[in-house]
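Peer 1: no sequence for this one, just the structure:
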């Protein structure tokens with residue numbers, strides 16, 4: 001996804017890097033650019049750095065890496081590790097096994113909770129923004145984002161959906177007032193996503209964008225739908241309250257409307 005636009009009102013923007021990706025924040029309203037805004041932004045980055053120290057699969061000293069090596073058990077990890085693994089188990093059940101925090105490896109399954117961690121972490125980090133009175137925000141991590149709009153007269157955040165075949169081209173613009181948007185695909189990171197049931201990359205699908213109330217589940221469901229390959233849109237249509245856009249390998253698209261249950 002591309003960056004957000006919020007026409008018509010002054011917006012302050014903040015950007016830093018952590019967890020191997022850019023983190024950006026747009027604020028508008030009462031606390032867009034003052035001490036409270038800067039303190040909230042600092043807390044966002046503190047939360048994300050703490051998550052990276054616990055969950056990074058690239059750090060030899062992270063709890064998840066040590067858990068993978070068998071040096072410690074889940075009970076020895078910070079409590080949020082058990083929380084993320086429980087989310088992964090729920091996602092695996094709800095996706096009929098297409099999504100999993102375990103990926104195939106040469107010596108068996110390997111723990112990799114990355115498919116849960118990013119959305120969960122950003123949703124968690126946004127807590128400091130939600131307590132800012134009379135302030136709208138849009139917090140993005142590598143293109144996946146959570147946003148809030150309190151002002152009834154404010155324009156929605158406008159989220160661009162990239163063409164996976166040409167990221168310079170925008171296929172659609174999603175207006176979102178309050179909610180979360182996540183995209184899964186291979187345009188930026190290559191073929192790193194697999195169907196956990198087969199261990200192979202899915203076929204037929206190029207990207208899946210999901211709009212939901214929580215970035216935790218928008219991110220999970222975008223990955224799970226992508227893993228379903230040619231059944232991506234059909235599976236996403238079964239998810240309550242989700243909407244989105246599936247882009248197929250041939251460049252065609254299928255919009256998904258929310259199902260209310």
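Peer 2: Thanks, I have the structure now. Quick caveat: nothing in here was measured; it's all calculated off a predicted structure.
Peer 1: tell me where the stretch 151-261 of the chain has strands.
Peer 2: 157-163, 166-176, 179-185, 205-212, 243-248, 253-256 (DSSP state E, counting those that start in this stretch).
Peer 1: would you turn these into TSV with distance to residue 37, mean neighbour count and mean pLDDT?
Peer 2: Every residue, glycine included, has its C-beta placed from N, CA and C. Below are the strands of the stretch 151-261 of the chain laid out as TSV (distance: least, Cβ to Cβ, whole Å; neighbours: other Cβ atoms under 10 Å; pLDDT from 0 to 100):
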stretch	distance to residue 37	mean neighbour count	mean pLDDT
strand 157-163	17	21	95
strand 166-176	21	13	93
strand 179-185	21	25	96
strand 205-212	26	26	97
strand 243-248	30	23	96
strand 253-256	35	16	96
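Peer 1: closest to residue 230 out of those strands?
Peer 2: strand 205-212 (6.8 Å; Cβ to Cβ).
Peer 1: residue contacts, residue 73?
Peer 2: Residues in contact with residue 73 (Cβ atoms under 8 Å, 6 or more residues apart in numbering) are residue 67.
Peer 1: could you tell me the end-to-end distance of stretch 132-148?
Peer 2: 11 Å (Cα to Cα, to the nearest Å).
Peer 1: pLDDT averaged over it - what is it?
Peer 2: For stretch 132-148, mean pLDDT is 96.
Peer 1: check stretch 84-103 too.
Peer 2: pLDDT averaged over stretch 84-103 gives 96.
Peer 1: ok, and what's touching it?
Peer 2: Contacts of stretch 84-103 (Cβ under 8 Å, 6+ apart): 55, 74, 109-113, 115-117, 120, 194-197, 199, 216, 220, 223-224, 227-228, 235.
Peer 1: rerun that using 7 Å as the cut-off
Peer 2: 74, 109-113, 115-117, 120, 194-197, 216, 220, 223-224, 227-228 (Cβ atoms under 7 Å, 6 or more residues apart in numbering).
Peer 1: between the two ends of stretch 56-75, what distance do you get?
Peer 2: 18 Å.
Peer 1: gap between that stretch and the chain center?
Peer 2: 22 Å (Cα atoms, centre = their mean, to the nearest Å).
Peer 1: again with stretch 46-63
Peer 2: With Cα atoms, centre = their mean as the basis, the mean position of stretch 46-63 lies at 17 Å from the chain mean.
Peer 1: in helices, which of the contacts of stretch 84-103 fall?
Peer 2: Using DSSP state H, the members of those that fall within helices are 115, 116, 117, 120, 216, 220, 223, 224, 227.
Peer 1: roughly how far does the second one sit from residue 249?
Peer 2: Residue 116 sits at a distance of 26 Å from residue 249 (criterion: Cβ to Cβ, to the nearest Å).
Peer 1: and these two? which has more neighbours close in?
Peer 2: Neighbours were tallied for residue 116 and for residue 249 using other Cβ atoms under 10 Å; the higher tally belongs to residue 116 (25 against 14).
Peer 1: ok but residue 14 is inside a strand, no?
Peer 2: Yes - applying DSSP: H, G, I helix; E, B strand; the rest coil, one finds residue 14 inside a strand.
Peer 1: quick one: residue 18 and residue 51 touch, right?
Peer 2: No - under the criterion of Cβ atoms under 7 Å, residue 18 is not in contact with residue 51, lying 8.6 Å apart.
Peer 1: these two: who's more crowded?
Peer 2: residue 51 (23 against 19).
Peer 1: is it true that the more buried one touches residue 122?
Peer 2: No - applying Cβ under 7 Å as the test, residue 51 and residue 122 come out as separate, 9.1 Å apart.
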